[in-house]
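S.K.: got a structure for you, letters missing:
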């Protein structure tokens, strides 16, 4: 998959089973964030709501470590400040770095990405696509309806669609309470391996994160309307989805120069890209710390 206008970098530790992923935007953009779960951990999301002064972002950070992982953004801010990138003020450019986290503290050691991880991920950012057990998807798991003992690996996946010559790119980190299915075949790809006898309590913290980037010119209100489409596409693969125990956060970024000519084709493209990214996030994941991965390709 080829992409332009932004770069992606990862930093992870397989022993600690956590990591971070940084999206660096090289061109002016319009960005929004939409929270669809009941337990989000985030930074700078209010700055991305309609009616706010700052139109877009310099970087988006996805990380593990729950709220402890929010420190990753400090490293990305330092990286951008050194390069004089950010929202222009009379004093100095101020980097706009938004972030959302997943809860992966029950995989591997209780550890979390630090600020220098964010800096290193930004330093590594390029246009090479890497997927699976990497970056923010390192400690991700799915299928936790009956607890962690039956969970399988989630991960970081990508998908894209071409709409009349312009692209929609989607990137998903699956760390859901629910199971992941292929919506075309109905096949369970990754999820609860067995239903235990007796009653169990599901882990209270799960998160699916999505970053959808448009090679189109779109207003914030238009992007926010498309967040529901992204949510719907995720729900076709992840069941159940968006529960009180999921802290799902969706970022949408428009960096193109032309508006879409056909709205319904755009919606179809969002579905295709998000579903492909969700399926790749589990298909390309590797086993880690005793948590098995999908074997269906």
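M.R.: Perfect, I can see it now. These figures come from a predicted structure and were not determined experimentally.
S.K.: OK, contacts around residue 40?
M.R.: For residue 40, the contact set (Cβ atoms under 8 Å, 6 or more residues apart in numbering) comprises 100, 207, 247-249. Yep, even glycine has a C-beta here, placed from its N, CA and C like the rest.
S.K.: Mind naming the longest helix for this structure?
M.R.: Longest helix in the chain by number of residues, with DSSP state H as the criterion: helix 263-283.
S.K.: Let me see the ranges of the helices in this protein.
M.R.: 72-82, 115-124, 220-237, 263-283.
S.K.: Quick one: closest of those helices to residue 147.
M.R.: Taking Cβ to Cβ, helix 263-283 is the member of the helices of the chain nearest to residue 147, at 18.7 Å.
S.K.: Please list all residues in contact with the closest residue to residue 103 other than its chain neighbours.
M.R.: Leaving out its chain neighbours, the residue that sits closest to residue 103 by Cβ to Cβ, 6 or more residues apart in numbering is residue 205, at 3.5 Å. Residue 205 makes contacts with 39, 66, 103, 245, 247, as judged by Cβ under 8 Å, 6+ apart.
S.K.: Buried among the residues you listed? Make that a ChimeraX selection.
M.R.: Applying 16 or more other Cβ atoms under 10 Å to the contacts of residue 205, the buried members can be selected in ChimeraX as follows:
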select :39,66,103,245,247
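S.K.: the strands in the stretch 151-297 of the chain, which residues?
M.R.: Applying DSSP state E, counting those that start in this stretch to the stretch 151-297 of the chain gives strands spanning 152-153, 156-163, 166-175, 179-181, 188-190, 207-214, 238-239, 249-254.
S.K.: want to try CSV for those, with mean pLDDT, distance to residue 221 and mean neighbour count as columns?
M.R.: Below are those laid out as CSV (pLDDT from 0 to 100; distance: least, Cβ to Cβ, whole Å; neighbours: other Cβ atoms under 10 Å):
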stretch, mean pLDDT, distance to residue 221, mean neighbour count
strand 152-153, 94, 37, 26
strand 156-163, 97, 20, 22
strand 166-175, 96, 18, 28
strand 179-181, 95, 31, 23
strand 188-190, 93, 35, 23
strand 207-214, 96, 14, 28
strand 238-239, 94, 27, 22
strand 249-254, 96, 11, 26
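S.K.: Next, format the ones you listed as CSV and append distance to residue 124.
M.R.: Listed next are the strands of the stretch 151-297 of the chain as CSV, based on distance: least, Cβ to Cβ, whole Å:
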stretch, distance to residue 124
strand 152-153, 23
strand 156-163, 14
strand 166-175, 16
strand 179-181, 28
strand 188-190, 27
strand 207-214, 17
strand 238-239, 29
strand 249-254, 20
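S.K.: who's in contact with residue 33?
M.R.: 42, 45, 48-49, 98, 100, 249-252.
S.K.: Of the contacts of residue 205, which pair is most distant in space?
M.R.: Pairwise distances among these were taken by Cβ to Cβ; the largest, 13.5 Å, belongs to 66 and 245.
S.K.: Wait, residue 164 touches residue 262, no?
M.R.: Yes: if you go by Cβ atoms under 8 Å, residue 164 and residue 262 touch, sitting 6.9 Å apart.
S.K.: Quick check: neighbours shared by those two?
M.R.: With contacts taken as Cβ under 8 Å, 6+ apart, residue 164 and residue 262 have no neighbour in common.
S.K.: if I pick residue 295, what's in contact with it?
M.R.: Shown in contact with residue 295 (Cβ under 8 Å, 6+ apart): no residues.
S.K.: I am finished for the moment; much appreciated.
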